[in-house]
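In: Whatever this is, show me its structure:
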Amino acid sequence: MIERLKTYSDGGARGNPGPAAIAFLALNEQGQIVKTDSRFIGVHTNNQAEYEALLMALQFADNAGVEEVVCHLDSELVVKQVNRQYTVKDSELQRLWRKVMQMKDCFRKISFVNVPRENPQIQIADKLVNETLDQEARGKSNEPAANPFLAAKKIEARNMFVHASIRTSNMDKSIEFYSKFLGLKLQNRREIKQTNAEIAFLQDDEHKGCTLELTFYRNQKKLSQPDYEERLFDHLGFVVTDINQTLNAMRRENVIVTDEPFKLNEKTTIAFVEDPDGTLIELIEHK
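Out: Below you'll find the model as predicted:
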């Protein structure tokens, strides 16, 4: 039996209200992850999802027979409400708040702590929330979310490639490039205070393709690409509807085209360009 537990919970809705998911992870006294879980909960607001995520974490702690639990959330509103610093005026939040108050009696000691979104454990929970929402959007809500953080344990879900990360010297410029020419939409943008950095996640409208993560380190004095033959990272690949139309739009904005279109086979034409920081991009047109 685990006597003391730390939980980190997160909930989010795309649309607020909109499709929502919740997630949590629980750590023992040694800092080891003993449980993660995520769930799609239908249409809710962000605040409702935060409460539901907290309740899911508390239910696990109760089932595990935990006597002391410290609950970490990145929602200042929820933390101050459950700590009775704020009153709860919304009727639905009042219902959820009462559930939390009832759950408090299940433990000898319980506390609620507000932590920043940059907290590493909260970021794991946030990742699980987004993976669950992505799976729901793809019609796979009955499949468990892929969880790379439990590699040492038996994992029932299949492995899945979810994102690629590249660095940028100008976050706004890079977001504009990938949005304007390649149809990606900004999904999330946040500060990482520990490393004085900023990250942004972009994906297509339907959340079907791989997510692109852009990372900007403010302390990095120099960011330049080595000669192509010396690069460890090769290129990103994007399917486009009309390769010539895409290239013409890029040329008007002085985007560097390194390889003009050529037929790979009867049905596929490819070309190569560079993003604002020189990252090589393969454009792929299928007929």
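
In: Enumerate every residue touching residue 107.
Out: 61-62, 66-69 (Cβ atoms under 8 Å, 6 or more residues apart in numbering). Placement of C-beta: from N, CA and C, glycine included.

In: Tell me the secondary structure of the most centrally placed residue in the chain, please.
Out: Geometric centre of the chain, nearest residue: residue 127, 3.9 Å, by Cα atoms, centre = their mean. Secondary structure, DSSP: H, G, I helix; E, B strand; the rest coil: residue 127 is helix.

In: tell me the contacts of it?
Out: Taking Cβ under 8 Å, 6+ apart as the test, residue 127 contacts no residue whatsoever.

In: From residue 236, how far off is it?
Out: 21 Å (Cβ to Cβ, to the nearest Å).

In: Over to residue 178?
Out: 9 Å.

In: Overlap of the contact sets of the two?
Out: With Cβ under 8 Å, 6+ apart as the test, residue 178 and residue 236 both reach residue 212.

In: Which two among the contacts of residue 107 are spaced furthest apart?
Out: Comparing every pair within these by Cβ to Cβ identifies 62 and 68 as the most remote, at 12.2 Å.

In: sorry, back to before: with neighbour numbers in mind, choose between residue 178 and residue 236.
Out: The neighbour count for residue 178 versus residue 236, taken as other Cβ atoms under 10 Å, is higher for residue 178 (22 against 16).

In: contacting residues around the more buried one?
Out: 184, 202, 212, 214, 275.

In: what number of residues lie near the last one?
Out: What that stands for is residue 275. 20.

In: Touching, it and residue 177? I think so.
Out: Yes: Residue 275 is in contact with residue 177 according to Cβ atoms under 8 Å; the separation is 5.6 Å.

In: shaky segments in this protein?
Out: Low-confidence segments of the chain, defined by pLDDT under 70: 1, 140-160, 162.

In: And residue 240, how far from residue 233?
Out: Taking Cβ to Cβ, one finds residue 240 at 21 Å from residue 233.

In: neighbour count winner among these two?
Out: Using other Cβ under 10 Å, the more surrounded residue of residue 240 and residue 233 is residue 240, with 19 against 12.

In: any chance you could map the helices in the stretch 1-150 of the chain?
Out: Using DSSP state H, counting those that start in this stretch, the helices of the stretch 1-150 of the chain run over residues 46-63, 76-82, 91-104, 120-137.

In: mind putting those in a markdown table, distance to residue 172 included?
Out: Formatted as a markdown table, the helices of the stretch 1-150 of the chain follow (distance: least, Cβ to Cβ, whole Å):
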| stretch | distance to residue 172 |
| --- | --- |
| helix 46-63 | 25 |
| helix 76-82 | 27 |
| helix 91-104 | 36 |
| helix 120-137 | 22 |
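
In: Ok, which of those comes nearest residue 192?
Out: With Cβ to Cβ as the yardstick, what comes closest out of the helices of the stretch 1-150 of the chain is helix 120-137 (8.8 Å).
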